Every structure is written in C-alpha cells, then in structure tokens.
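# What would the 3D arrangement of this be:
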Amino acid sequence: MRPISITRFAILYAAGIALGAGSTLLHWSAIRAALASASRPGFLATLLALCGLSVPLLLLWLIAARGSDGARWLALLLLALGVALLLFGAARGTYRWDAAGLLGAGRLALHCLALAFTFRPDARAWLAPGRRLESA
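A predicted model of the protein is given here:
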C-alpha cells in the first residue's frame, strides 16, 4: 500500500501541475509573442506547453506509482532551477507578478511542499531501490 506521504506528495504535486497549466494559459499570448520570430510560432508554443505539462506528469507518475528515487531527484533539480529563475527574474524586475505569475509562483510553492513529503521515512522506504512493485 502506498504510504501517506506519497499520497500527499501526489495530491500537492498534481495541484501544482494544474496551477502551472493555468499560468501557461494566462501567459499564452505573451508566449506566442516571444516566439513570433520562429517559423511556426503557434506550433512551437504548443509543443513547449505540452512538454511543460508532460514532464511534470511523468515525474509524478514515476515517483508516486513506480517509486523512482531518480525521478524524485530530477524533480528536485527542476524545482531548484525554477526557484532560481523566479528569484533571478524578481531581482531583475522582469518577473511578471500578474495573475499568471502568481500562479507560477504558487506552483513552485506547492512543488516545494510536495517534494518535502518525499523525504519522510515512509516515503524513503517507498522510494528505496529494490522495493517490490507488487506492494504498489
């Protein structure tokens, strides 16, 4: 049976993914404008948005359903990169603190909380190498 820490991780991480999708939808016109010089800006924006949604969903599945410790560390690395970029943008005054920007910051906060649950003892046992998948 899945530990409670992993269940809490899954709920918070999925909520963060939903906030990220909302942020992308609200920033859609700005994303397309930034890619206007590309040969097919609509296609490129859609491809980037799908990648931005599918990578976190894959990490969620790998951590919560498959118990992948490597996926946990990759999620933590991507989270650290996201926080660093947010702080860098805020320090330079280029981060947009509109509704979409607040949703993006909320996504990072939820992912921080979610990943903290993966470091609890019951979650460490779930993510331990050699764990039997039949217990999932």
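
# Identify each buried residue in the worst-scoring helix or strand of the chain on mean pLDDT, please.
Scoring the helices and strands of the chain by mean pLDDT, DSSP states H and E places helix 28-34 at the bottom, with a mean of 82. Neighbour counts over helix 28-34 (16 or more other CB atoms under 10 Å) mark Ile31 as buried. In short, each C-beta sits where N, CA and C put it, glycine included.

# phi, psi of the residue lying farthest from the centre of the chain?
Here the chain reaches farthest from its C-alpha mean at Ser39, the gap being 28.5 Å by CA atoms, centre = their mean. Here the main-chain torsion angles of Ser39 (degrees, to the nearest 10) amount to phi -70, psi -30.

# Model confidence score at it, please.
Ser39 carries a pLDDT score of 78 in this model.

# Any figure for the gap between it and Ala109?
Going from Ser39 to Ala109 by CB to CB, to the nearest Å gives 37 Å.

# Just give me the residue closest to the centre of the chain.
Centre-nearest of the chain using CA atoms, centre = their mean is Pro56, 4.6 Å out.

# residues contacting that one?
Pro56 sits next to Tyr13, Gly16, Ile17, Gly20, Ala75 when contact means CB atoms under 8 Å, 6 or more residues apart in numbering.

# Repeat that for Ala71.
Ala71 touches Leu58, Leu59, Leu62, Ile63, counting by CB under 8 Å, 6+ apart.

# out of these, which one sits closest to Thr118?
Closest to Thr118 out of the contacts of Ala71 is Ile63 (6.6 Å), distances taken as CB to CB.

# Point out where this structure drops to low pLDDT.
131-136 (pLDDT under 70).
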